[in-house]
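K.L.:
Here you go, sequence then predicted model.
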Amino acid sequence: MRKLQQSPERFENYIGGQWVPPATGEYAPNRNPADLDDVVGHYPASGAKDAQAAIQAAKDAFGGWAGTPAPSRGRILAKAVEIFRSRIDELARALCREEGKTLAESRGEVMKGINLFEFYAGEGFRLRGKTVPSEMPKTLTFTLRQPLGVVALITPWNFPFAIPAWKSAPALVAGNTVVLKPASGTPATAMLMAKVLHDAGLPKGVFNLVAGSGGSVGNALVDHPDVKAVSFTGSNATGMALNERCARRGIRVTCEMGGKNPVVVLQDADLDLACTGILQGAFGSTGQRCTATSRVIVQRPVSQQVIDALVDGARRLKVGNGLNAGIDMGPAVDEAQLKTDLRYIEVGQSEGAKLLTGGRQLKGGDYDKGYFIEPTVFTGVEPGMRIHQEEIFGPVIAIIEVDTLDEAVDAANAVEFGLASSIYTRDANAAMSFIERSEVGMVHVNNPTVGGEAQLPFGGWKSTGIGEREMSEEGAEFFTQLKTVFFDYTGQARQSKIY
Ligand code: NAP
């Protein structure tokens, strides 16, 4: 196994199989949002030159990697899986410190990322084209899936390990070379991922990582003529602008963006199950998940019971530093997100929604070291309100009361986003009707809105998603281009004759 050393305090970009200092010479400290005294490390504040160097390294490596048989590419990912498994604790701890989610949640995210590498290691044996009969005699017609070239992956802070994993693994197994730009606030676990890929024997230049801001590194990647595709996950504002820029260059792009995910609770539901699921979906990861439950649409006969249980559940959650035992919910990721959460709580009140619990920044003692906020529940929410329409990305539930399933479906669909939804009911007909009419990419029944599995397509409808689904076979398809082959073995000139 090749050894690669990084200083524990100062990290470098990973370019061409080496740790390379940023051309800017600048570094930014990355602090634990639960304890600002805890400096995770100093990470490159790279610029366009660093992005260009990484693209060049990826370009140089492309021919060799694309020419490596896909099963062999998959075997390197399988080796990485083995190494990841031996470093789960290190990865989970780094993730907890850089993003703030609890250690248990961090471990879950690391496991998910490893599953993705495992799934795509196997895809090296598949990457299927198709063979179909030709109209012509003695002619073989089939399709091939071939890699695109250098691809840029741009990822958000809320899943700093799983999202780089779910983009990198399919891109690599499909034969592309990669430049990853992690969110500037959370580069630590992505750096550890680069190290594992290196240790697994990935040839130099096949995977590169450049840490830095979207405005410098991100822009340089998106606009570079040698970048053949961009896979982005993040906010709608950034994604929509990036999509336009990629369209102007005529390159392939996928953007997975925001969510405003509803849970519908019908009067026949198992209410304990529903409320447990809602609390997990809404307050897990401090509500900082694209699939977080942010709206609860409940039928009036059971609404008071549901409201009481959610308020009680929210008040029982223990908020604190996720590294400590017994903590249910960590902090907001940074000051800006904390301010956004608090601003939306003010907006909700000014719109006439009723704040039943939470709504304040937590202060005093260890809370003063980080960005902590109370789990928050609003009732009296109407579909036109901003707290019903806009993604807050914090621990805030908006409860809407309705009389019928039709009203519930209308409220659920009355937003621009279309990522995930859920219904709690024992009525199979109602569940199926909801599945058919819900305008989202992923529907859950008797299950929280959150979650995804490596072997299932992940992504949203409406303004949540542009382009291919991620994960599963579809995730790899984005990173390949199809070639249709007509192989004539008659040895004779002939005229095509189609009836
Ligand atoms: P963001 O601000 O849009 O940033 C996402 C990434 O884009 C970051 O790496 C960012 O760099 C980079 N970026 C910013 N400006 C750029 C530019 N001009 N060109 C290229 N790259 C640029 O989003 P975020 O706040 O990190 O993430 C939260 C959002 O992600 C939420 O809306 C959430 O719903 C969404 N999300 C969606 C999914 C999904 O699958 N649908 C999954 C997870 C999260 P910097 O870090 O330097 O700003």
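P.N.:
Alright, I've got the coordinates. Every value quoted in this text rests on a predicted model; they were computed, and no experiment measured them.
K.L.:
ok, the residue lying closest to G124 once chain neighbours are set aside - how many residues close by?
P.N.:
Computed as CB to CB, 6 or more residues apart in numbering, the closest residue to G124 that is not its neighbour in sequence is G74, at 2.2 Å. Quick note: C-beta positions are derived from backbone N, CA and C, even for glycine. Applying other CB atoms under 10 Å, we find 22 other residues in the vicinity of G74.
K.L.:
for D272, same thing?
P.N.:
Going by other CB under 10 Å, the residues that sit close to D272 add up to 10.
K.L.:
related to what we said a few turns ago, check for me that the residue nearest to G124 belongs to a helix.
P.N.:
Yes - checked against DSSP: H, G, I helix; E, B strand; the rest coil, G74 lies within a helix.
K.L.:
Tell me how far M329 lies from the ligand.
P.N.:
Here M329 is placed at a distance of 18 Å from the ligand (CB to the nearest ligand atom, to the nearest Å).
K.L.:
can you map out the helices along the stretch 351-499 of the chain?
P.N.:
With DSSP state H, counting those that start in this stretch, the ranges of helices along the stretch 351-499 of the chain come out as 386-389, 405-413, 428-437, 472-478.
K.L.:
Contacts for the second one, please.
P.N.:
Here helix 405-413 makes contact (CB atoms under 8 Å, 6 or more residues apart in numbering) with 262, 264, 266, 295, 297, 299, 383, 400, 402, 421, 430, 433-434, 437-439.
K.L.:
repeat that for 10 Å
P.N.:
Residues from elsewhere that reach helix 405-413 (CB atoms under 10 Å, 6 or more residues apart in numbering): 260-267, 295, 297-300, 381-383, 388, 400-402, 404, 421-423, 425, 427, 429-431, 433-434, 436-440, 462.
K.L.:
now swap in the third one and tell me
P.N.:
Residues lying outside helix 428-437 but in contact with it, judged by CB under 10 Å, 6+ apart, are 264, 266, 268-269, 405-406, 408-410, 412-413, 421-425, 427, 443-446.
K.L.:
Distance check, G281 against P170.
P.N.:
Using CB to CB, to the nearest Å, G281 is found at 27 Å from P170.
K.L.:
ok, the two, which is more surrounded?
P.N.:
Neighbours per residue (other CB under 10 Å) separate G281 from P170, with P170 holding more: 31 against 27.
K.L.:
what's the neighbour count on E453?
P.N.:
By other CB under 10 Å, the residues close to E453 number 13.
K.L.:
Revised request: answer the last question for G418.
P.N.:
When neighbours are defined as other CB under 10 Å, G418 has 22 of them.
K.L.:
hang on, the earlier thing: of the contacts of helix 428-437, buried ones?
P.N.:
With burial judged by 16 or more other CB atoms under 10 Å, the buried subset of the contacts of helix 428-437 is 264, 266, 269, 405, 408-409, 412-413, 421-425, 443-444.
K.L.:
among those, which are in reach of the ligand?
P.N.:
The overlap between those and the neighbourhood of the ligand (criterion: CB under 6 Å from any ligand atom) is empty.
K.L.:
How far does stretch 47-64 sit from its chain's centre?
P.N.:
Remark: stretch 47-64 is offset 24 Å from the chain centroid, using CA atoms, centre = their mean, to the nearest Å.
K.L.:
please begin residue numbering at 4 from this point
P.N.:
Renumbered: residue one is now 4, and that last one reads stretch 50-67.
K.L.:
Render the CA-only coordinates of that stretch in PDB, please.
P.N.:
Backbone C-alpha positions of stretch 50-67 (Å, rounded to 0.1, in the frame of the first residue of the first chain) are rendered in PDB as follows:
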ATOM      1  CA  GLY A  50      -8.100  29.700  -6.900                       C
ATOM      2  CA  ALA A  51      -8.500  29.200 -10.600                       C
ATOM      3  CA  LYS A  52      -4.900  28.200 -11.200                       C
ATOM      4  CA  ASP A  53      -5.400  25.200  -8.800                       C
ATOM      5  CA  ALA A  54      -8.500  24.200 -10.600                       C
ATOM      6  CA  GLN A  55      -6.700  24.400 -14.000                       C
ATOM      7  CA  ALA A  56      -3.800  22.200 -12.600                       C
ATOM      8  CA  ALA A  57      -6.300  19.600 -11.400                       C
ATOM      9  CA  ILE A  58      -8.100  19.600 -14.800                       C
ATOM     10  CA  GLN A  59      -4.800  19.200 -16.600                       C
ATOM     11  CA  ALA A  60      -3.800  16.300 -14.300                       C
ATOM     12  CA  ALA A  61      -7.200  14.700 -14.900                       C
ATOM     13  CA  LYS A  62      -6.900  15.200 -18.700                       C
ATOM     14  CA  ASP A  63      -3.500  13.600 -18.800                       C
ATOM     15  CA  ALA A  64      -4.800  10.600 -16.800                       C
ATOM     16  CA  PHE A  65      -8.000  10.100 -18.900                       C
ATOM     17  CA  GLY A  66      -6.600   7.900 -21.700                       C
ATOM     18  CA  GLY A  67      -5.100   5.300 -19.300                       C
END
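K.L.:
Now name the helix or strand holding the most centrally placed residue in the chain.
P.N.:
In the chain, the centroid-proximal residue (CA atoms, centre = their mean) is I166; its distance is 4.4 Å. The secondary structure element spanning I166 is helix 165-176 (assigned by DSSP states H and E).
K.L.:
could you dump the helices of the stretch 354-502 of the chain to a markdown table with mean pLDDT?
P.N.:
Formatted as a markdown table, the entries for the helices of the stretch 354-502 of the chain read as follows, by pLDDT from 0 to 100:
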| stretch | mean pLDDT |
| --- | --- |
| helix 389-392 | 98 |
| helix 408-416 | 98 |
| helix 431-440 | 98 |
| helix 475-481 | 96 |
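K.L.:
burial count for P206?
P.N.:
The local packing count at P206 equals 15, with neighbours defined by other CB under 10 Å.
K.L.:
just checking, it touches A69?
P.N.:
No - in terms of CB atoms under 10 Å, P206 does not count as a neighbour of A69; the distance is 11.5 Å.
K.L.:
Find residues that contact each of the two.
P.N.:
In the contact map built from CB under 10 Å, 6+ apart, the residues linked to both P206 and A69 are R76, T180.
K.L.:
returning to what we had before: give me every residue that touches the residue nearest to the centre of the chain.
P.N.:
If you count contacts by CB under 10 Å, 6+ apart, I166 has them with 112, 115-116, 119, 156-160, 183, 185-186, 193, 234, 236-237, 259, 293, 473.
K.L.:
same deal with G383?
P.N.:
Contacts for G383 were tallied using CB under 10 Å, 6+ apart; they are G351, E354, G355, A356, K357, L358, L359, A401, I402, I403, E404.
K.L.:
Find the nearest non-adjacent residue to the fifth one, please.
P.N.:
Nearest in space to K357, with sequence neighbours left out and distances taken as CB to CB, 6+ apart, is G383 at 4.3 Å.
K.L.:
Local confidence estimate at the one you found?
P.N.:
pLDDT, the model's per-residue confidence, is 97 for G383.
K.L.:
Can you list the low-confidence ranges for the chain?
P.N.:
Within the chain, the stretches falling below the threshold (pLDDT under 70) are 4-11, 500-502.
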